[in-house]
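*Asks:* Predicted model and sequence follow; I will ask about them next.
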Amino acid sequence: MFSIRLPEELEKRIALLADRKQKTKSYIIKEAIIKYLEKEEPHNKSFELGKELFGQYGSGNGNLSTNYKKKVREKIHAKKSH
């Protein structure tokens, strides 16, 4: 549990928002901290930033990662054949 001191003006603003939203002051403060942490924690961001791009530009060949050795061998063989 934390105890913090806030400037009087900030306390008033939180109280007004809590009244308007019909929430407790604690709820408003917790939500603000959660949003701040989500914004600032980089380890949560990497996947979220690219989520809509994943899978968009695939080759259509879903076994590339499992057959890469075979593909490399074929490329080397083809290069040596020329």
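*Replies:* In hand now; what should we look at? Numbers count the residues shown, from 1 in each chain.

*Asks:* Name the helix or strand for Ala18, please.
*Replies:* Element membership for Ala18 (DSSP states H and E) is helix 8-21.

*Asks:* next helix or strand past that helix?
*Replies:* Counting by DSSP H and E, the next helix or strand C-terminal to helix 8-21 is helix 25-40.

*Asks:* That next one - contacts with which helices or strands?
*Replies:* helix 8-21 (3 or more CB pairs under 8 Å, 6 or more residues apart in numbering; DSSP states H and E). Just so you know, the C-beta spots here come from the backbone N, C-alpha and C atoms, and that holds for glycine as well.

*Asks:* any idea how far the helix it packs on is from the chain center?
*Replies:* Averaging C-alpha positions (CA atoms, centre = their mean, to the nearest Å) puts helix 8-21 30 Å from its chain's average.

*Asks:* Using CSV, list the CA coordinates for the helix holding Ala18.
*Replies:* Backbone C-alpha positions of helix 8-21 (Å, rounded to 0.1, in the frame of the first residue of the first chain) are rendered in CSV as follows:
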residue,chain,number,x,y,z
GLU,A,8,-4.6,20.5,-3.0
GLU,A,9,-5.6,21.5,-6.6
LEU,A,10,-4.9,17.9,-7.8
GLU,A,11,-6.9,16.4,-5.0
LYS,A,12,-9.8,18.7,-5.9
ARG,A,13,-9.6,17.7,-9.5
ILE,A,14,-9.6,14.0,-8.6
ALA,A,15,-12.5,14.5,-6.3
LEU,A,16,-14.5,16.3,-9.0
LEU,A,17,-13.8,13.6,-11.5
ALA,A,18,-14.7,10.9,-9.1
ASP,A,19,-18.0,12.6,-8.4
ARG,A,20,-18.7,13.1,-12.0
LYS,A,21,-17.9,9.5,-12.9
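
*Asks:* Report the buried residues of that helix.
*Replies:* 14, 18 (16 or more other CB atoms under 10 Å).

*Asks:* Then stretch 23-42?
*Replies:* Ile28.

*Asks:* Show the average pLDDT along it.
*Replies:* Throughout stretch 23-42, pLDDT has a mean value of 91.

*Asks:* neighbouring contacts of it?
*Replies:* With CB atoms under 8 Å, 6 or more residues apart in numbering as the test, stretch 23-42 has contacts from 14-15, 17-18, 21, 44.
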